[in-house]
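Peer 1: I'd like to go over a predicted model; first the sequence, then the structure.
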Amino acid sequence: MQSSNQPWSSLWKTLFGDPLRAFGIVSAILLVLLAIAPAKNHFSEWRHYQKGYLRMVRSRGEAVTLQRHFQPGIQQIWHPDIGVTDRCTSCHVGLKEASLTDVKFQPYRKHPVIPHTTEQYGCVMCHRGQGAATTVEEAHSSTLAWEQPILPARYIESGCGQCHRANLEGTPQLNQGRALLARYGCVQCHSIKLPDAGVMQATQDAPSLSHIADKTTREWIFAWLKDPQSYAASATMPNFKLKDDDIRDISAFLIANSNPVAGDTLPPISQKAADSTAGASLYGESFCASCHAVQNAAGNLVGGNVGPELTRIGNKTKPEWLRAWIHNPRVYDPGTQMPHYRFSDQQVATMEGFLLAKSDSDFLANVHLDPATPEQIAHGKSLVMEYGCSSCHEITGIKKPENFAPELTRIGSKSISQLIFLPGMSHTLPDYIAGKIRQPRAFSPGLKMPQYSFTLTQIDALTTALLAQNDRAQSMPPSLSVPAPQTSHYRPAGKAGQIMSDLACFSCHAINGRGGDMAPDLTWEGSSVQRKWLEDFFRNPGTLRPALIRRMPKFNLSNEEISTLSDYIMTVYQTPEFDRESLPESGYSATQVEEGKQLFYSKYGCQSCHIVDAKSDKGYIGPTLTGVGSRLTAAWVYHWLKNPQALRPGTVEPNRNMSDDEAKSLTAFLMAQKGSGTKEAKK
Amino acid sequence: MAKTVDQYFDDLRDTRVWRSIFRSGTGSSTLKRSLAIQQNVFLHLFATKVRRRMLSFSATWYLGTLTLGTFLMLVVTGILLMLYYHPSVPQAYADTKDLQFVVSSGLFLRNLHRWSAHAMVFLVFAHMFKVFYRGAYRPPREFNWVIGIVLLLVTLLLSYTGYLLPWDQLAYWAITVGSNIASAVPVFGDKIHFMLLGGNLVNANALLRFYVLHCMILPLAAIFFIAIHFWRIRKDGGLYAHQSEPSTLTKTTLAKEAQ
């Protein structure tokens, strides 16, 4: 023991034996320790990256420019009003250098082109992470003192959604996510408040179940509830994963609860279809596929998604109801988006036969239900209330529940400590949201949220849209938030208004800010077209755009209806900017027409998008202009040429900044193209 | 004729400037040495004479001195931190972040303050245990023991009020819980709670109050009581010598008494 202690005790004596020497040594140790702090400061990460940048820059051709742009020291983007203190540019030095796009790695590569500059709103606004930090770990990761790590790049569009409430051209994923939230009824159960005091509205109302016994059978309801997607792959209704007995009781309740609507069934029509192909051609001529999809032999959906998928419609609807629906859908559902086609009895019979044939003989083969007992019906009702069916569907006697599911207004900044993750899941907010959408019941079998059949792309889109619903979005200064355009509740009045609602014009056309985007905006149609053309078009609609498959269906309107509609359109839908009679429709001099022709073909090259001479021109982007002189008013053509965007914001037609004379000559040339353009285009 | 270091010090003490500041002058006589202590505003708190044995590590483990050392360190780092800190709700947390990320050696400064605070609480307790188990609280030192208890409370309050200042979640909830404990006091509980926070919730007022307490009121109180504490050590007969190593004087008295 003595010997082992010997060297230590002698070392101790040498160092601390003498008080003065001990003081000196302790002081030296203290000095060294004190030097660690400034040393750490000096060898900080951001300095390391700035040195690395200068080293990299030296070997490049534009070294002098880059060195001149370089500013040493901690850099910061500071906007206290929106809570931005971003020091990311201390290491990410080359973000603004246009020539650094070829650098393979961050932090030196140039930032991709975005509509804003990096100084404008900083980095964290879109990328998240900790902007104030100056070390790699603290800035990018979730640490003890910072919860929000860098957002994975695939959700980056959520940043745009914090200010921009409307759809943007550059954010397809965000747009899709928001559309899905509205279309799949997410917002029917989860309320999402918008910063401008509104709430996100559902775009598709699920059908009312108050009269369902008129429309379909209990067996179909059973099969549908068991698995909606087995009936229609594109069904928006999710799978509630119900037990067979529960489905039996729910279907019993829905049938028992249904009350009939007068006139929503029709007796069989004796006139039968002329031949077997008549149904298919009527379906095609009526452009049903613009709104309804059908699965083709290859399993792909063909058609629009405004109305329900019709692949197995024959399994669903009762023939007497379908007949009445084709005849006039507004009897059963006054608010439907489907137009009231004025079909003849024979056409109704043809269409009915065609649609009923779309069925799958196996679909209901295994569904056998005994008559319902009162207990089953009562149990069905309690299930319907428990699962919140009336959040989406109107059901007689059951109110739409309020606050049925958690509000999602600020889900995008939910604290991770408040979330319960599944084992094996990475602990980040985007993963949690995506996991919840993908398999909600996995988080707890008792949860009511149903199973949707979203694709991974759709889940990413939904997650992006939900991440945009965060604290920052809610507290954005009004000057920065870009609200969605006001939803218009415009309704045309009078007799014409009645016809327009009967024809469901707004399902495809927009007028005064309300309506669909499938067909042209008609707000200024009265200034744009000549009355005679309009009437002809109603009688026999053709297409103006040769490349489009969709076009307006023929509604078999009576002459009286056509004249009422035309009167209304020509009188009401005019632009205040100019008088449609300010320029004559004909009588231009031959020289002016010739000058216009030169401008059309040579100076402006309009034939690359438009067709005037059907034999030689090959433009398929814009509408066909053969016979445009009989279709449009001269004043419209002239003002359109001067500034297309002023008449229809967002149109593809470029503004060529023509002089008044040039525009006049071109108008003269175009107005000389008389004839029935629509008929020629139809060939 | 080489001068020793001590001779240089003696020359320095003989200069006019030195004499104008320290009035005691040179010389190592007992009188001069006791005057040097008595006539200095800082040193006069201490005893003029200390037993050599009491300066050894084993006598006190230097716990009181180390506590004073951490306190001085806290004062210095605290003043430096005050240069970077705004006691306002939108600023406080950002300032803590700035200290961590952009202030030169800011993190070092903050950590030094934080660890010194932890060390001071530990040392205060250790000091009290040592005093307690050695029996040094007994007469005539019972009043100084009470002063020590007050200093313990001041230390704990300094620690507690400083905890809120980073204004993070930990701080917020610690103070919420802590102040709710205060409201458990019978009759006056809610009033104390309201007075402490300047409201019913931990908010801007509470932050300001805790800042003032932490940086003004409590440090002044600590300095005041520390001064009394030190002065009483001298008045109570210097550092307490342990009974297991009694002085020769007490040994003979004890022997006399035994007879």
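Peer 2: Sure thing, it's come through.

Peer 1: in space, what's closest to the closest residue to chain A within the stretch 101-250 of chain B - neighbours in sequence excluded?
Peer 2: Of all residues in the stretch 101-250 of chain B, the one sitting closest to chain A is B:Phe108 (3.6 Å; C-beta to the nearest C-beta). For glycine as for every other residue, the C-beta is placed from the backbone atoms N, C-alpha and C. Leaving aside its chain neighbours, B:Phe108 sits nearest to A:Ala37 (3.6 Å; criterion: C-beta to C-beta, 6 or more residues apart in numbering or on different chains).

Peer 1: per-residue pLDDT, that neighbour?
Peer 2: Note on A:Ala37: pLDDT of 84.

Peer 1: how much space separates it from A:Ala378?
Peer 2: Per C-beta to C-beta, to the nearest Å, A:Ala37 is found 75 Å from A:Ala378.

Peer 1: the two: which has the busier surroundings?
Peer 2: A:Ala37 (17 against 14; other C-beta atoms under 10 Å in any protein chain shown).

Peer 1: report pLDDT for B:Leu157.
Peer 2: At B:Leu157, the model reports a pLDDT of 96.

Peer 1: and it, how many neighbours?
Peer 2: Per other C-beta under 10 Å, the neighbour tally for B:Leu157 reads 17.

Peer 1: sec struct for it, please.
Peer 2: Of the three states, B:Leu157 takes helix under DSSP: H, G, I helix; E, B strand; the rest coil.

Peer 1: quick one: residues contacting the residue nearest to it when sequence neighbours are not counted.
Peer 2: Nearest residue to B:Leu157, sequence neighbours excluded (C-beta to C-beta, 6+ apart): B:Leu218, at 5.6 Å. Contacts for B:Leu218 (C-beta atoms under 8 Å, 6 or more residues apart in numbering or on different chains) come out as B:Val154, B:Leu157, B:Leu158, B:Thr161.

Peer 1: what is the nearest of the residues you listed to A:Ala233?
Peer 2: Distance to A:Ala233, by C-beta to C-beta, is smallest for B:Thr161 among these, at 64.9 Å.

Peer 1: go ahead and name everything in contact with the strand or helix carrying A:Phe23.
Peer 2: Counting by DSSP states H and E, the element that carries A:Phe23 is helix A:19-42. Identification of contacts with helix A:19-42 by C-beta under 8 Å, 6+ apart yields A:Leu15, A:Phe16, B:Ser104, B:Ser105, B:Phe108.

Peer 1: for ChimeraX, what selects the buried ones among those residues?
Peer 2: Those of the contacts of helix A:19-42 that count as buried under 16 or more other C-beta atoms under 10 Å in any protein chain shown are selected in ChimeraX with:
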select /B:105,108
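
Peer 1: widest-spaced pair of the contacts of helix A:19-42?
Peer 2: Based on C-beta to C-beta, the longest span within the contacts of helix A:19-42 runs between A:Phe16 and B:Ser104 and measures 33.9 Å.

Peer 1: residues from the stretch 51-200 of chain A in reach of chain B?
Peer 2: Within the stretch 51-200 of chain A, the positions near chain B by C-beta under 8 Å from any C-beta of the partner chain are A:Ile74, A:Gln76, A:Thr85, A:Arg87, A:Ala132, A:Ala133, A:Thr134, A:Thr135, A:Glu138, A:Ala145.

Peer 1: send me stretch A:293-306 as PDB with only the CA atoms.
Peer 2: C-alpha atoms of stretch A:293-306 as PDB (Å, rounded to 0.1, in the frame of the first residue of the first chain):
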ATOM      1  CA  ALA A 293     -67.400   7.400 -64.400                       C
ATOM      2  CA  VAL A 294     -67.600   3.700 -65.500                       C
ATOM      3  CA  GLN A 295     -65.000   1.100 -65.100                       C
ATOM      4  CA  ASN A 296     -63.900  -0.300 -68.400                       C
ATOM      5  CA  ALA A 297     -62.800  -3.800 -69.200                       C
ATOM      6  CA  ALA A 298     -59.300  -3.000 -68.200                       C
ATOM      7  CA  GLY A 299     -60.400  -1.900 -64.800                       C
ATOM      8  CA  ASN A 300     -59.700   1.800 -65.400                       C
ATOM      9  CA  LEU A 301     -62.300   4.400 -64.500                       C
ATOM     10  CA  VAL A 302     -63.400   6.500 -67.500                       C
ATOM     11  CA  GLY A 303     -65.400   9.600 -66.900                       C
ATOM     12  CA  GLY A 304     -65.800  12.500 -64.600                       C
ATOM     13  CA  ASN A 305     -66.200  12.500 -60.800                       C
ATOM     14  CA  VAL A 306     -69.000  15.000 -60.400                       C
END
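
Peer 1: and A:Met125, what is it in contact with?
Peer 2: A:Ile82, A:Val84, A:Gly159, A:Gln162, A:Arg472.

Peer 1: so what's the third one closest to, chain neighbours aside?
Peer 2: Okay, so that is A:Gly159. A:Cys126 (2.8 Å).

Peer 1: cool, A:Trp636 as well?
Peer 2: If the residues on either side of it in the chain are set aside, A:Trp636 comes closest to A:Ser528, at 4.6 Å by C-beta to C-beta, 6+ apart.

Peer 1: got it, and B:Asp190?
Peer 2: With sequence-adjacent residues excluded and distances taken as C-beta to C-beta, 6+ apart, B:Asp190 is closest to B:Ser183, at 5.3 Å.

Peer 1: A helix includes B:Ile79, no?
Peer 2: Yes - under three-state DSSP, B:Ile79 falls within a helix.

Peer 1: so how far is A:Arg87 from it?
Peer 2: 27 Å.

Peer 1: okay, the two: which has more neighbours?
Peer 2: It is A:Arg87, of B:Ile79 and A:Arg87, that has more neighbours when counted by other C-beta under 10 Å, with 26 against 11.

Peer 1: how many other residues sit next to the residue nearest to the more buried one when sequence neighbours are not counted?
Peer 2: Distance criterion C-beta to C-beta, 6+ apart; nearest residue to A:Arg87, sequence neighbours excluded, is A:Gln76 at 4.9 Å. By other C-beta under 10 Å, 18 other residues sit near A:Gln76.

Peer 1: what of A:His327?
Peer 2: 22.

Peer 1: list the contacts of it.
Peer 2: For A:His327, the contacting residues are A:Leu266, A:Phe343, A:Val348, by C-beta under 8 Å, 6+ apart.

Peer 1: for the second one, give me its contacts.
Peer 2: Which is A:Phe343. The contact partners of A:Phe343, by C-beta under 8 Å, 6+ apart, come to A:Ile326, A:His327, A:Met351, A:Asn556.

Peer 1: among these, who's most crowded?
Peer 2: Neighbour-wise, the contacts of A:Phe343 (other C-beta under 10 Å) top out at A:Met351, 24 neighbours.

Peer 1: alright, that wraps it up for me.
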